[in-house]
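Participant: Kindly generate the corresponding structure for this input.
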Amino acid sequence: MLPAYGAIAAGFCVGRLSGRDWIRHLSSLLMYVLIPLVVFKNALALNVGAAIGNVALSMAFSTVMVLCAALIVPRCKTDVPRRLAFCAFSYTNIGWFGIPTGLALFGPDSLPILVMAYVGGLIFGNTVGFYFVARDRFSVPTSLWKVATTPALYAFGAGLAGQALGLRDLLPPGADAPFRVVTLLMSGCGMMVVGLGASQVRFTAAAIRGTLQLVIWRHIASVFAIIAVIGLFAALGAPIAPDNLNTVRLLGLLPVAGNVVVFAAQLRSDVAAASLIVALSTAISTITVLCWGILLHLV
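Facilitator: This is a model prediction of the structure:
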């Protein structure tokens, strides 16, 4: 995760030292090129039958987090736009934070679960999450139209169509290498956008206190939300396998997705607030995951 922190720091320095609107350019590159390419590759490689349970689990977790946001956000004294806060509650950083952390704590057996949870989160974030951010500025019809024209959705559909047509079997053995480069670029650019947005933050005590309160409540809610989802799946007759429980529990400790800042930049919402949320959430997650990892090691 150190390269990601380095990318955030680099973005912050560029934002402070440069007068150009780099965040708009970089967020556009992510929104219209890098994210769709990564989504297409994941959809093309998706084993729908084996993955559907983990995708549904991830989307159920995001849905419960929206319900938590409806209870918590109105009670927090913060200047963060309300629906932006809803998106931050429900969109989790599984890609660059969750997957490396899962591999470090639980090994390669955790990868299939986390990758499919990432796909579920990506679908939820680019539909419901994007709608929330849009609604802070636009009407319901306009917000729905913006969701309907999100490139990631068409990339996902194209990937599934390519899979149905047998495109996955036609790819040469080395075809994964360019997509790995694109994935690294997406993660790096996404974290740079967070740093660029953070460079716009006016670090006043009131702003940090209000946002920190929101983020802390978001992390408390996420722990209870993942417990509720695990219980829900058990009640429905689809319990999580004991060997996979800790991997699923990890979802409740992950930070807010960096794409929230991309959405805010593209929709001209409060980029500074979104960046501060992601930065504070990432710091809290780093501490809680580290403590949890030590606890698991001791037990």
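
Participant: Show me the shaky parts of the stretch 151-299 of the chain.
Facilitator: 203 (pLDDT under 70).

Participant: what are the ranges of the helices in it?
Facilitator: Using DSSP state H, counting those that start in this stretch, the helices found in the stretch 151-299 of the chain span residues 151-164, 167-170, 176-198, 205-235, 245-250, 259-266, 271-298.

Participant: Now do the contacts for G121.
Facilitator: S58, M59, S62, Y91, T92, I94, A257 (Cβ atoms under 8 Å, 6 or more residues apart in numbering). Quick note: C-beta positions are derived from backbone N, CA and C, even for glycine.

Participant: sorry, back to before: same list (the helices of the stretch 151-299 of the chain) but as JSON lines, adding distance to F130 and mean neighbour count.
Facilitator: What follows is these, written out as JSON lines (distance: least, Cβ to Cβ, whole Å; neighbours: other Cβ atoms under 10 Å):
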{"stretch": "helix 151-164", "distance to F130": "9", "mean neighbour count": "17"}
{"stretch": "helix 167-170", "distance to F130": "27", "mean neighbour count": "11"}
{"stretch": "helix 176-198", "distance to F130": "15", "mean neighbour count": "21"}
{"stretch": "helix 205-235", "distance to F130": "18", "mean neighbour count": "17"}
{"stretch": "helix 245-250", "distance to F130": "25", "mean neighbour count": "19"}
{"stretch": "helix 259-266", "distance to F130": "6", "mean neighbour count": "28"}
{"stretch": "helix 271-298", "distance to F130": "13", "mean neighbour count": "19"}
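
Participant: Would you mind giving these as CSV with distance to R83 added?
Facilitator: As requested, these are exported to CSV (distance: least, Cβ to Cβ, whole Å):
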stretch, distance to R83
helix 151-164, 19
helix 167-170, 37
helix 176-198, 17
helix 205-235, 13
helix 245-250, 27
helix 259-266, 11
helix 271-298, 12
